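**Q** Quick one: sequence and predicted model below, then my questions.
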Amino acid sequence: MPTHTRIRMFNTKATYPNQSLDNDLCQAVRAGNTVYVRGQVGTDFEGRLVGLGDPAAQANQAMKNVEQLLEEAGSDLSHIVKTTTYITDPRFREPVYRVVGQWLKGVFPISTGLVVAGLAQPEWLMEIDVIAVIPEEEGAA
């Protein structure tokens, strides 16, 4: 019996044709009752960038992706315990955090934020990864 489930597996050769990579990855992993979500950016699952030059729009798309991946793993946004947010310019902090905060209102996760020199694609202005749990069933022993 597998100890984890890989969600939305892909190969970087197809995902990043502009790079010479050939890595097998997935968007999320469910390990026991924990869900680890790969860094999400302003790109939908078909590879289309949403919000060119707009960090808030990219954050909104990234959170849509996070929500969908958590649901596919059997969890939801309310069960996020940690976020790590990467921005490429300190001026993006307020617009990105405002959007993420709207998605996570009332959740109270722990959070780490970083300003980085760049992300995997130059048009990406922000990235967020999350760790969430899957709550135990009521009455389960």
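**A** Perfect, I can see it now. Numbering: from 1, shown residues only.
**Q** Now for residue 67, how many residues are close by?
**A** Residue 67 is surrounded by 17 other residues when neighbours are defined as other CB atoms under 10 Å. From N, CA and C alone the C-beta is placed, and that goes for glycine too.
**Q** how about it, phi and psi?
**A** Dihedral pair for residue 67: phi -60, psi -50, per degrees, to the nearest 10.
**Q** Residue 43 versus residue 65, what's the distance?
**A** With the distance defined as CB to CB, to the nearest Å, residue 65 ends up 8 Å from residue 43.
**Q** So for those two, which sits in the more crowded spot?
**A** For the pair residue 65 and residue 43, the greater number of neighbours falls to residue 65 (24 against 19), based on other CB under 10 Å.
**Q** What count of nearby residues applies to the residue lying closest to that one once chain neighbours are set aside?
**A** Closest residue in space to residue 65, ignoring its immediate chain neighbours: residue 40 at 4.3 Å, by CB to CB, 6 or more residues apart in numbering. Residue neighbour count, defined by other CB under 10 Å, stands at 25 for residue 40.
**Q** Likewise for the one 10 residues further on?
**A** Using other CB under 10 Å, residue 50 has 16 neighbouring residues.
**Q** which residues does it contact?
**A** Residue 50 is in contact with 42, 43, 44, 57, 58, 60, 61, counting by CB atoms under 8 Å, 6 or more residues apart in numbering.
**Q** secondary structure class for residue 27?
**A** Following DSSP: H, G, I helix; E, B strand; the rest coil, residue 27 is assigned to strand.
**Q** residues near the residue lying closest to it once chain neighbours are set aside, how many?
**A** Distances taken as CB to CB, 6+ apart put residue 8 closest to residue 27, at 3.8 Å, once the chain neighbours are dropped. For residue 8, the neighbour count with other CB under 10 Å is 15.
**Q** for the record, mean pLDDT for whichever helix or strand residue 64 is part of?
**A** Using DSSP states H and E, residue 64 maps to helix 55-73. Across helix 55-73, the average pLDDT comes to 98.
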